[in-house]
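Participant: okay, predicted coordinates and the sequence, questions at the end:
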Amino acid sequence: QKEVEQNSGPLSVPEGAIASLNCTYSDRVSQSFFWYRQYSGKSPELIMSIYSNGDKEDGRFTAQLNKASQYVSLLIRDSQPSDSATYLCAVNNQAGTALIFGKGTTLSVSS
Amino acid sequence: SQTIHQWPATLVQPVGSPLSLECTVEGTSNPNLYWYRQAAGRGLQLLFYSVGIGQISSEVPQNLSASRPQDRQFILSSKKLLLSDSGFYLCAWSRLAGGSYNEQFFGPGTRLTVL
């Protein structure tokens, strides 16, 4: 059974700090990695995609991928209260037909 | 731009009743379509995916079924609901027919409560 693991949290950070969210996956052949943000009662929203080892930056968000360690992370700089949500890590399956999701990490940013 | 719709937004149904949830996508053609369920305390579970009209793959054996009568329409059904069918049902679409770069975009979801 292919798995994606995340700490459930909650992860609490003060406004303006860096939030670091982590994810590990079990399938070594996975090629595509995604971070989704889900506000309470709402559907997931894609915020970052990463396919190669290293860092990918988009505004205040940086995704980091290390395929050798089977590890992907999301950094949120200058965290805002509006960033408070559950962050879902997702990895494509071997066939590339579907995504496997972690259970998510809840982030709380206090003002 | 692409838009994905789901209805109804919320639904309360008795055990044993039938179910029909609908999903439509606008602004793209030949999308991959997906049904997920998110139950309380559990992650997103893939139920069905479709790469084209009439082509349905089931990921989890259960009392649910899916159909794709049109290119941009995806329907989730059940003949008799169980209590365990309660959850947040999400439809998603992606551009590519398989492959690694499978960004998926979700609809607003249907919250189903079975009593």
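Facilitator: In hand now; what should we look at? Numbering: from 1, shown residues only, chains lettered A, B, ... in the order given.
Participant: could I get the pLDDT score of residue 104?
Facilitator: Picking chain A for this. On pLDDT, A:Gly104 comes in at 95.
Participant: the intended chain is chain B.
Facilitator: pLDDT at B:Gln104 comes out at 92.
Participant: need the contact list for it.
Facilitator: The contact partners of B:Gln104, taken as Cβ atoms under 8 Å, 6 or more residues apart in numbering or on different chains, are A:34, A:46, A:90, A:99, B:34, B:92-94. No exception for glycine: its C-beta is placed from N, CA and C like everyone else's.
Participant: show me the contacts for the most centrally placed residue in chain B.
Facilitator: Centroid-nearest residue in chain B, with Cα atoms, centre = their mean: B:Trp35, separated by 2.7 Å. Taking Cβ under 8 Å, 6+ apart as the criterion, B:Trp35 is in contact with B:23, B:46-49, B:66, B:74, B:76, B:89-91.
Participant: how close does A:Ala68 get to chain B?
Facilitator: 18 Å (Cβ to the nearest Cβ, to the nearest Å).
Participant: where does chain B dip in pLDDT?
Facilitator: Counting by pLDDT under 70, chain B shows low-confidence ranges at B:61, B:96-101.
Participant: so which residues on it come close to chain A?
Facilitator: For chain B, the contact set with chain A under Cβ under 8 Å from any Cβ of the partner chain comprises B:32, B:34, B:42-44, B:46, B:49, B:51, B:57, B:59, B:88, B:90, B:98-109.
Participant: before we move on, the earlier item: which ones among the contacts of B:Trp35 map onto strands?
Facilitator: Within those, residues falling in strands by DSSP state E are B:23, B:46-49, B:66, B:74, B:76, B:89-91.
Participant: okay, now residue 85: neighbour count?
Facilitator: All of this is about chain A. Using other Cβ atoms under 10 Å in any protein chain shown, A:Ala85 has 21 other residues around it.
Participant: meant chain B actually
Facilitator: B:Asp85: 20 neighbours (other Cβ under 10 Å).
Participant: for it, list the residues it contacts.
Facilitator: Contacts for B:Asp85 (Cβ under 8 Å, 6+ apart) come out as B:19, B:63-64, B:78, B:112, B:114.
Participant: repeat for A:Pro44
Facilitator: A:Pro44 makes contacts with A:36-38, A:88, B:44, B:90, B:106, as judged by Cβ under 8 Å, 6+ apart.
Participant: now do the closest residue to it other than its chain neighbours against A:Asp27, distance only.
Facilitator: Distances taken as Cβ to Cβ, 6 or more residues apart in numbering or on different chains place A:Tyr36 nearest to A:Pro44, at 3.8 Å, with adjacent residues excluded. A:Tyr36 is 18 Å from A:Asp27, where distance means Cβ to Cβ, to the nearest Å.
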